[in-house]
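1. let's see this in three dimensions:
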Amino acid sequence: MFVFVAIALSIYGLVNFYIGRRGAQALASAPSARRIFVVLFVGLALMFPAGRILMGVARGALTSVLVQIGTFHLAAMLYGLIAVVGIDLVRLVNAFAPFLPKSLFGASARTGPVVFAVAAGAVALTIVWGAWNATRLRTVDLDLSVPRKAGAVGRLTVVLASDLHLGELVGPSRLEKVTARIKALDPDLVLFAGDIVDESVTAEIEAKLVAIMRKLRAPLGLYAAYGNHEYYSGLERNLACLRSCGITVLEDQAVAVGGAVTLVGRRDPSSLKPGETRLAIPGILNAAGLDASLPVVVIDHQPLQLEEAEAAGAALQVSGHTHDGQLFPIDLINGLIYELNWGYLRKGGTHYCVTSGAGTWGPPIRVGSRAEVVRIRLAFEPSGAAGH
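-> Residues are numbered from 1 along each chain as shown. As a prediction, this is how the structure comes out:
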């Protein structure tokens, strides 16, 4: 952890130094504006690490403000980096194959301040739009056929929510919005695919969250598998919080739900000790001693090794974790890591759904993605062909 933090802080410092230096150079012909920029930029860059460090010592209004403003700077840093790299690439190409008018580089030219203003304006507009976009919660519908008998049940409406990251930055008002949406979808079963609470959740916030969540009901219940953020901040405490909310948390466990499906909740890989492995899905099912004929639905926070659910003959796996990148172009990087970064996929007879999540982590901003809950309508057709 110490090595990880040291590397993260080093990268954070170097990126901010690069952006800050380029910004100061662009404002060289405007000394007053340059001084203001340097002071503001350094102050903003220090807020997030300072707030996180102070939060570990004592929480309060000051630490909350520092972290909240600092997370917005994280987004500004990402898009500032993209802008600066783009400008430097143009300058590099122009150095080898001149195509820009020479008048732009004259002693009296105001190119630097103008380019700075355009870049800063573009970054600011992106952040403002992303903050608004993050407040929009959509419903995604999936209609899936399962060629297996589910007891006496012919159809099942499952609502999936994930990655709310409730805590310091995403609070009770967001949970109210999400639970209202889930209720409106009239689910038979509600599944939470991890990272419901964040590492910054306090006892006061937790009490408010429990009061809201306890109002959520579904005929077949509320079930969850935990994510990496529940683990990071104290798994037992966070599992107790989720259970107080009326959610049944499955830790490499399986339960029969409504005589219709077998539900499997898997441990998150973050909780594994060195050399430890998770129970395989068949092992979980065997340990539970449940009816093997019922369709199996798997909750697995991180959409890794999708072939495991397919090999186990699962009808459906639901996951979260990726946020669909949350901030473009992170979704492009996610596409190199995950077979399914977001959306729907079918492998063999297994359906997979990866949701972008109902909240945000870090900056309460979404660019190139949307917050969502997913309504999955399962039709069980013993003699039919599975389809989407």
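2. domain parsing for the protein?
-> 2-133, 138-268+277-380 (automatic domain parsing).
3. buried deepest among these, which one?
-> Scoring these by mean neighbour count under mean count of other CB atoms under 10 Å gives domain 138-268+277-380 as the most buried, with a mean of 20. Glycine gets a C-beta too; all of them are placed from N, C-alpha and C.
4. distance between the ends of it?
-> This stretch, domain 138-268+277-380, spans 26 Å end to end (CA to CA, to the nearest Å).
5. quick one: the domains of the chain as CSV, columns for mean pLDDT too.
-> Putting these into CSV (pLDDT from 0 to 100) gives the following:
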stretch, mean pLDDT
domain 2-133, 91
domain 138-268+277-380, 93
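6. all the strands of the stretch 201-350 of the chain, residue numbers only.
-> Ranges of strands in the stretch 201-350 of the chain, per DSSP state E, counting those that start in this stretch, are 222-224, 248-249, 253-257, 261-265, 296-299, 316-319, 343-347, 350-354.
7. adding distance to L142, write those out as TSV.
-> As requested, the strands of the stretch 201-350 of the chain are exported to TSV (distance: least, CB to CB, whole Å):
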stretch	distance to L142
strand 222-224	18
strand 248-249	23
strand 253-257	18
strand 261-265	15
strand 296-299	13
strand 316-319	9
strand 343-347	6
strand 350-354	6
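8. could you find the closest non-adjacent residue to the spatially most central residue of the chain?
-> Centroid-nearest residue in the chain, with CA atoms, centre = their mean: H323, separated by 3.4 Å. Spatial nearest neighbour of H323, excluding adjacent residues (CB to CB, 6 or more residues apart in numbering): G357 at 5.1 Å.
9. look up how far R148 lies from the one you found.
-> 29 Å (CB to CB, to the nearest Å).
10. and what of G359?
-> From G359 to R148 the distance is 33 Å (CB to CB).
11. ok, now A61?
-> On the measure of CB to CB, A61 and R148 end up 54 Å apart.
12. surely D143 touches A379?
-> Yes - D143 is within contact range of A379, at 7.2 Å (criterion: CB atoms under 8 Å).
13. ok, the residue nearest to the centre of the chain touching V354?
-> No - contact criterion CB under 8 Å: H323 and V354 do not qualify, at 10.1 Å.
14. downstream of the helix or strand hosting V85, the next helix or strand is which one?
-> For V85, the host element (DSSP states H and E) is helix 61-96. Later in the chain than helix 61-96, the nearest helix or strand by DSSP H and E is helix 111-134.
15. chain center to that next one: distance?
-> 24 Å (CA atoms, centre = their mean, to the nearest Å).
16. which other helices and strands contact the first helix or strand past it going along the chain?
-> Note on helix 111-134: by DSSP H and E, the next helix or strand toward the C-terminus is strand 137-146. Here strand 137-146 touches helix 172-184, strand 350-354, strand 371-380, going by 3 or more CB pairs under 8 Å, 6 or more residues apart in numbering; DSSP states H and E.
17. quick one: contacts of strand 137-146?
-> 177-178, 181, 185, 295, 315-316, 344, 351, 353, 355, 358, 370-381, 384-388 (CB atoms under 8 Å, 6 or more residues apart in numbering).
18. now stretch 328-336
-> 82, 322, 324-325, 341-342, 367-369.
19. where helices are concerned, which of these count?
-> Judged by DSSP state H, the contacts of stretch 328-336 include I82 as members of helices.
20. let me know the closest of the contacts of stretch 328-336 to G265.
-> T322 (18.7 Å; CB to CB).
21. so what does the closest one have for phi and psi?
-> When read as degrees, to the nearest 10, the backbone of T322 gives phi -80, psi -30.
22. help me confirm that it comes into contact with P303.
-> Yes - between T322 and P303 there is a contact under CB under 8 Å: 6.8 Å.
23. which residues do these two both contact?
-> Shared contacts of T322 and P303, defined by CB under 8 Å, 6+ apart, are found at 338, 341, 354.
24. quick one: those as CSV, columns for distance to L160 too.
-> Formatted as CSV, the shared contacts of T322 and P303 follow (distance: CB to CB, whole Å):
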residue, distance to L160
Y338, 17
N341, 16
V354, 10
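25. for the stretch 151-300 of the chain, just list every one of the helices.
-> Taking DSSP state H, counting those that start in this stretch as the test, the helices found in the stretch 151-300 of the chain are 172-184, 203-213, 228-232, 235-244, 281-288.
26. mind checking which of those is nearest V114?
-> Nearest of the helices of the stretch 151-300 of the chain (CB to CB): helix 172-184, 39.3 Å.
27. output the contacting helices and strands for the closest one.
-> When contacts are defined as 3+ CB pairs under 8 Å, 6+ apart, helix 172-184 sits against strand 137-146, strand 155-161, helix 203-213, strand 371-380.
28. what's the angle between that helix and helix 111-134?
-> 50 degrees (axes from the mean of the first three to the mean of the last three CA atoms, to 10 degrees).
29. so that it lines up with my notes, have the first residue be 609 from now on.
-> Got it, first residue is 609 now, which makes that one helix 780-792.
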